[in-house]
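In: kindly return the folded structure for what I paste below:
(one chain, ligands or ions: 1)
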Amino acid sequence: MSLMIRNLAFRYGGRDILDDFSFDMAAGEQSLLIGASGSGKSTLVNLICGLLTPEAGTIAIGGEPMTGISASQRDDLRRRRIGLVFQTLKLVSALDLTANLKLAQRLSGHGTEAERIPMLIERLGLGHRAHARPRELSQGEAQRAAIARALIGRPDLIIADEPTSALDHDNMHKVASLLRECAGEAGASLLIVTHDERLRDHVTSVREIGPVSTRIAA
Ligand SMILES: Nc1ncnc2c1ncn2[C@@H]1O[C@H](COP(=O)(O)OP(=O)(O)OP(=O)(O)O)[C@@H](O)[C@H]1O
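Out: Next up is the predicted model:
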């Protein structure tokens, strides 16, 4: 099981955002978690990554608990096992794409195989942008660079938070296909969290997330 969430509860200022939320993903599975703006998607991503702590419930990544451990243990688990793809590119602006991937590879603790970096850049169709700075990338290129950054650390679980919302149809299609193909090639599970309804055509395993009062039972 790459992701196990049991009876999760979280509130902001006394307001329930998640209540008794459970969700599982098998190793290698690809799932879409879809919900409207404000439904708690980013909150859930932050909980899975150990950036927030729940009021109740448990989360495990690849069998390792993300809950009930210290903040530094959560940071370590996140770096070793999770690859994150955000809507906005989280790269160091002073470094080019290659140097950013080198840094991300070192931070993940998963070796320093230098040859993986050009291979991954090529795989994501960014060969001509290997020495571009983040601000020099187009939106579609930036999203593909974000996928490369997530994959370089050899994660068991890739979480993509709104990876396509800002993209036109062609780039949405390209990014969604690359995410699915690259996760499959790497043997990683893929969780896409989004309000982008266009992605329903790409992933068959779909779970809705909604406000606590109107949530559809799984
Ligand atoms: N730091 C915070 N303090 C209080 N309330 C918050 C905080 N962050 C988020 N919320 C509220 O919690 C709810 C869930 O927010 P969250 O960002 O998880 O939703 P989302 O589904 O990711 O939305 P979007 O698609 O717009 O990013 C929203 O009603 C939001 O206003």
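
In: what parts of this protein come near the ligand?
Out: Proximity of the chain to the ligand is confined to Tyr12, Gly13, Ile17, Gly35, Ser37, Gly38, Ser39, Gly40, Lys41, Ser42, Thr43, His195 under the rule Cβ under 6 Å from any ligand atom. Yep, even glycine has a C-beta here, placed from its N, CA and C like the rest.

In: including pLDDT, secondary structure and neighbour count, could these go into JSON lines?
Out: Converted to JSON lines, the residues of the chain next to the ligand look like this (pLDDT from 0 to 100; DSSP: H, G, I helix; E, B strand; the rest coil; neighbours: other Cβ atoms under 10 Å):
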{"residue": "Tyr12", "pLDDT": "93", "secondary structure": "strand", "neighbour count": "10"}
{"residue": "Gly13", "pLDDT": "89", "secondary structure": "coil", "neighbour count": "5"}
{"residue": "Ile17", "pLDDT": "93", "secondary structure": "strand", "neighbour count": "22"}
{"residue": "Gly35", "pLDDT": "91", "secondary structure": "coil", "neighbour count": "19"}
{"residue": "Ser37", "pLDDT": "87", "secondary structure": "coil", "neighbour count": "7"}
{"residue": "Gly38", "pLDDT": "88", "secondary structure": "coil", "neighbour count": "12"}
{"residue": "Ser39", "pLDDT": "90", "secondary structure": "coil", "neighbour count": "21"}
{"residue": "Gly40", "pLDDT": "92", "secondary structure": "coil", "neighbour count": "23"}
{"residue": "Lys41", "pLDDT": "92", "secondary structure": "helix", "neighbour count": "19"}
{"residue": "Ser42", "pLDDT": "92", "secondary structure": "helix", "neighbour count": "18"}
{"residue": "Thr43", "pLDDT": "94", "secondary structure": "helix", "neighbour count": "20"}
{"residue": "His195", "pLDDT": "92", "secondary structure": "coil", "neighbour count": "15"}
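
In: report the two of these separated the most.
Out: Spanning the widest gap among the residues of the chain next to the ligand are Gly13 and His195, at 23.1 Å by Cβ to Cβ.

In: contact partners for the closest residue to Val206 other than its chain neighbours?
Out: Closest residue to Val206 apart from its sequence neighbours, by Cβ to Cβ, 6 or more residues apart in numbering: Leu32 at 4.7 Å. By Cβ atoms under 8 Å, 6 or more residues apart in numbering, the contact set of Leu32 is Ile192, Thr194, Leu199, Arg200, His202, Val203, Ser205, Val206, Arg207.
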